[in-house]
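**Q** model this:
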Amino acid sequence: MKNFINKIKLYIVKHKIISAIIFLAIILIGYFVHGKLTSTSGDTRYITAAVAKGTIIASVSGTGQVSDVNQIDLKPKISGDVVYVGVKNGDKVNTGTLILGLDAKDAEKAVRDAQTNLDSANLALKKIQIQNSDENINAGLVKAYDDGFNAVVDTFHDLNSTLAGIDTMLAANNLSDNAARDDSILAQNYRRSAQTDYYSAKTAFDQNSIDYKNLNNSSPKSDIENIIKKTYDTTKLLGSALKSTSDFVDFMAKESNNSSAFSSYQTTLATYTNTNNTHLAALLSAETNINNNKDSSENSSLDIQSAQLSVTQKENALQDAKDNLSDYFVRAPFAGTITNFNIKKSDSVSPSTAVGTLITTQQLALISLNEVDVAKIKIGQKATLTFDAVPGLTISGAVSEIDSIGTVAQGVVTYDVKINFDTQDERVKPSMSVSAAIITDIKQDVLTVPNSAIKSTNGQSYVESFGGPLPPPTDGLLGSISKVAPNKIPVEVGLSNDSETEITSGINEGDEIVTRTILPSSTVPAAAAPSLFGSGGGGANRGGGGVRIPAGR
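**A** Next up is the predicted model:
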């Protein structure tokens, strides 16, 4: 008995040592792996990629069985009166055979109107493209600068002669400084005002003349714009001088006993004023014309984009009208035999009316969809079918029938959708499980980004960017480190699926954006290594991980 007890003690001691060695190895391995796979540096890491164009496909997925009864009920998509019947019971039909047609006068008119609107939008686009072509815009701008410079030339000629005429007039005996002093203080004030305004205009003219003499039609556009503005300002000053001189002459004529002596001055000043006003209007028109042509150049691309958008809208409207028109005709979704058909002309039918049954040897998939997904499905949409029982097999198909009334089970509404196979495969048997991905929308050659790149705040979507790629990581971990936060770039999103989202505006192809952000892991204090001779470490209210090795006795 004593030997047996000693053997047990030896066994326990031996296995304690082995357990401790194993446990210590686990701790070391765990510590190494934890330190390698998590970031304790406190740095946020970023994965970036360039925005690229591609194809994005949106689809609705569902599961069901291969139908063991390959038939569908033929139903119109809208209500109306039958005006054409193309089959009778027992007829064999091919895919697309017209079964019946409804009165479609209004729908046909809608198509014609939509086509007219599209033609009008295309003509408007063509007109805008011609008007806003680089050749026409440049020609208009060149002419505006030529007209502006010519207006300056005409104005300068008359400015010089008008200033000389005012100077001569104010030096005349009956308008001289002595004549004003002999008359009255008020006459002196009138003359002083006229003289001051004359010198202001003359000084501006002399300064302008320096720039004017160095210019011609081929001078830089900025210089021509500058001389037009300066000449306009000088012409305004000359207008003030003419007004002051006219006031002085009118006063002296009124005060004189011989007013006829001043009439020639008044006539001359009126002529000067009319000419000066004409030049003011011409210079202002030239400046406005240049600005309008520059604005047209800047806005031409926006005008063309707006016209192109109008064309796209009209194209969509036409397609909608055509789709609506097609709803007035019931066609065979696949080849088969017509049965239970008893419709005749003038009968009224509705989407709930089964006008007949189409029986076929072609296989069908019966898929169940919820009320949200079924709202996205239309007859004719393409689908991809896979089968649990036949790994690797994929068959394409098309939606041929959608239940108009759903089935309620435990508060959940589902609708059956039938999908006909494009090809047959003898390995597929009735009642086999089948999964379907029905394509609801597809866009090609559009900007796409991973869903992880899209963020939002206050209803506005945005992506993050550093303006370029980050330096690659050197520590062997995933993602790069940046000491500055990325910029938020607002974007407009379009079509999306489970992995990608279309970007319609905000960024361009080739832009580098953040596709994933890796936040630093929380700092986890290392657990104290358990003693080989006592309980595992761990503070109050904290469980020590691992196996607890009891102390020996």
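**Q** where do the helices sit along the chain?
**A** Assigned by DSSP state H, the helices in the chain fall at 2-37, 105-131, 134-170, 177-183, 185-213, 221-255, 263-326, 371-374.
**Q** Report the mean confidence score over stretch 149-166.
**A** The average of the pLDDT scores along stretch 149-166 is 88.
**Q** what do you get for stretch 406-419?
**A** For stretch 406-419, mean pLDDT rounds to 91.
**Q** swap in stretch 384-394?
**A** The model assigns stretch 384-394 a mean pLDDT of 94.
**Q** Next up, the contacts around Thr353.
**A** 75-76 (Cβ atoms under 8 Å, 6 or more residues apart in numbering). C-beta here means a position set from N, CA and C on the backbone, and glycine is covered the same way.
**Q** Please report how far Asn508 lies from Thr312.
**A** To Thr312, Asn508 is 20 Å away according to Cβ to Cβ, to the nearest Å.
**Q** These two: who's more crowded?
**A** Between Asn508 and Thr312, Thr312 has the larger neighbour count (other Cβ atoms under 10 Å), namely 12 against 9.
**Q** What's the separation between the more buried one and Gln319?
**A** From Thr312 across to Gln319, the span is 11 Å (Cβ to Cβ).
**Q** Would you mind confirming that Gln188 is in contact with Ala180?
**A** Yes: the pair Gln188 / Ala180 is scored as a contact, 4.7 Å apart, by Cβ atoms under 8 Å.
**Q** Looking only at neighbour counts, state which of these two leads.
**A** Ala180 (24 against 16).
**Q** Residue ranges in the stretch 201-350 of the chain under the pLDDT threshold?
**A** Applying pLDDT under 70 to the stretch 201-350 of the chain flags the ranges 295-301.
**Q** repeat for the stretch 451-553 of the chain
**A** Along the stretch 451-553 of the chain, the parts satisfying pLDDT under 70 run over 521-553.
**Q** By residue count, which strand of the protein is the longest?
**A** Using DSSP state E to define each element, the chain has its longest strand at strand 433-450.
**Q** Check which residues of it are buried.
**A** Judged by neighbour count (16 or more other Cβ atoms under 10 Å), strand 433-450 contains these buried residues: 434, 436-440, 443, 446-449.
**Q** now what about stretch 423-433, what contacts it?
**A** By Cβ under 8 Å, 6+ apart, stretch 423-433 touches 63-68, 362-363, 387-390, 393, 395-396, 421.
**Q** In the residues you listed, which residue is surrounded by the most others?
**A** Neighbour-wise, these (other Cβ under 10 Å) top out at Gln363, 23 neighbours.
**Q** What's the separation between that residue and Gly397?
**A** Gln363 is 9 Å from Gly397, by Cβ to Cβ.
**Q** which residues are common contacts for these two?
**A** 420-421.
**Q** show me the contacts for the residue nearest to Leu242 when sequence neighbours are not counted.
**A** Spatial nearest neighbour of Leu242, excluding adjacent residues (Cβ to Cβ, 6 or more residues apart in numbering): Thr273 at 5.0 Å. Each residue near Thr273 by Cβ under 8 Å, 6+ apart is listed here: 239, 242-243, 246.
**Q** Looking at these, state which has the most neighbours.
**A** Sorting the contacts of Thr273 by how many neighbours each has (other Cβ under 10 Å) puts Leu242 first, at 25 neighbours.
**Q** how far away is that residue from Phe205?
**A** Distance from Leu242 to Phe205, by Cβ to Cβ: 13 Å.
**Q** hang on, isn't Asn420 packed against Ile395?
**A** No: using Cβ under 8 Å, Asn420 is not in contact with Ile395, being 10.3 Å away.
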